[in-house]
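# here is a sequence with its predicted model. Questions after.
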Amino acid sequence: MSWVGRALWMVTSALALAACSAANVQPEFAPTVNFAATPKPTVTPWIGPLPDVQSKVPVTVVTAVGPPDFRCGVEFLASNVHVSASCSFEESENSAVGPMMCHIERDTCEFGRLANVSASGILFFREEPPPFDDEDSLMHPAMVPPLLRLNELLIKEWGGAVQLMVTDAYDSHGDHDLAQPSLNKKYSQHFEGRSIDLVTWPVDVAKYPKLCALAFAAGYDWVHNEVTHCHASIKADTLCGVCKR
Ligand SMILES: [Zn+2]
């Protein structure tokens with residue numbers, strides 16, 4: 001691991017432990033995602049340096065992006081504060097986006113319905129060993145439009161100096177709810193791909209109040225500034241049992 005990789009690991013391993021966050025087999029098919037609501041951006045190739053750990057990820061810079069719609073007037077989301085789509089700072093995640101319905105297991109039909117956004121130009125931490133190192137870019141298809149929009153907003157906010165990094169998305173094996181020792185009883189919307197953990201690269205926690213606000217503006221239904229990262233969730237029909245309906 002390079003020094004950049006080690007530095008990132010040191011910072012983000014703390015994130016992962018505090019995190020609310022992870023599959024190698026490619027989805028059985030590429031889920032259909034409706035991007036019609038997101039204006040097609042003009043992209044130009046990224047010419048800046050990339051961290052070694054992410055050097056294989058193609059990166060694009062988006063220009064000509066419209067301004068963010070700061071829903072509920074939230075332009076900054078302070079540390080340890082969360083907000084829901086109903087503009088409540090009290091509403092729980094379960095109330096705002098619905099409870100976790102199951103643990104989606106790898107190599108199942110539901111697993112195949114997760115969207116893989118690895119070629120989006122966004123950075124993914126991928127600190128977990130194979131075959132779990134693909135899980136940071138796997139998520140419920142409804143998570144994709146706000147993630148791409150957030151990437152646009154972030155680039156517009158900070159230019160090419162700052163990039164969006166996903167440290168956790170779908171999780172198959174229990175990196176969340178660490179207080180619960182039993183894997184089967186662990187509880188988090190990450191287990192069905194409806195939550196995501198976001199940081200800036202380079203890591204700069206001072207930017208997270210704005211990053212979390214931009215995530216909320218991008219369309220996530222519940223966003224929590226967890227100090228070490230922004231945790232964001234979506235309200236969408238669960239993939240749990242979708243293959244049996
Ligand atoms: Zn989380």
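Sure thing, it's come through.

# regarding the most centrally placed residue in the chain, what is its secondary structure?
The centre of the chain sits closest to I196, judged by CA atoms, centre = their mean, with a distance of 3.2 Å. Three-state call for I196 (DSSP: H, G, I helix; E, B strand; the rest coil): strand.

# for it, give the beta-bridge partners.
According to DSSP bridges, the partner residues bridging I196 are A232.

# what does the one 4 residues further on give?
Residues found in beta-bridge contact with T200 (criterion: DSSP bridges) are L164.

# what about T167, distance to S86?
Going from T167 to S86 by CB to CB, to the nearest Å gives 27 Å. (Each C-beta comes from the backbone N, C-alpha and C, glycine too.)

# what segments of this structure are strands?
Along the chain, counting by DSSP state E, strands occupy 42-45, 60-63, 82-84, 115-116, 123-124, 138-139, 163-168, 195-201, 222-225, 230-233.

# just the endpoints, please. Distance across stretch 222-237?
One end of stretch 222-237 sits 15 Å from the other (CA to CA, to the nearest Å).

# and it, is it in reach of the ion?
Yes - contact of stretch 222-237 with the ion (CB under 5 Å from the ion) involves H231.

# now that stretch: how far from the chain's centre is it?
Here the centre of stretch 222-237 is set off from its chain's centre by 8 Å, with CA atoms, centre = their mean, to the nearest Å.

# list the buried residues in that stretch.
For stretch 222-237, burial by neighbour count (16 or more other CB atoms under 10 Å) applies to 222-226, 228-234, 236.

# just to revisit the earlier point, quick check: the gap between the residue nearest to the centre of the chain and the ion.
According to CB to the ion, to the nearest Å, I196 and the ion sit 7 Å apart.

# ok, C109 next?
According to CB to the ion, C109 stands 25 Å off from the ion.

# and the residue lying closest to that residue once chain neighbours are set aside, what does it touch?
The shortest distance from C109 to any non-neighbouring residue, by CB to CB, 6 or more residues apart in numbering, is to C243 (3.5 Å). The contact partners of C243, taken as CB atoms under 8 Å, 6 or more residues apart in numbering, are 108-110, 113.

# for D204, same thing?
V162.

# relative to the ion, how far out is it?
Counting by CB to the ion, the gap from D204 to the ion is 19 Å.

# next: W222.
11 Å.

# which non-adjacent residue is nearest that residue?
A96 (4.0 Å).

# and the one you found, what pLDDT?
Note on A96: pLDDT of 97.
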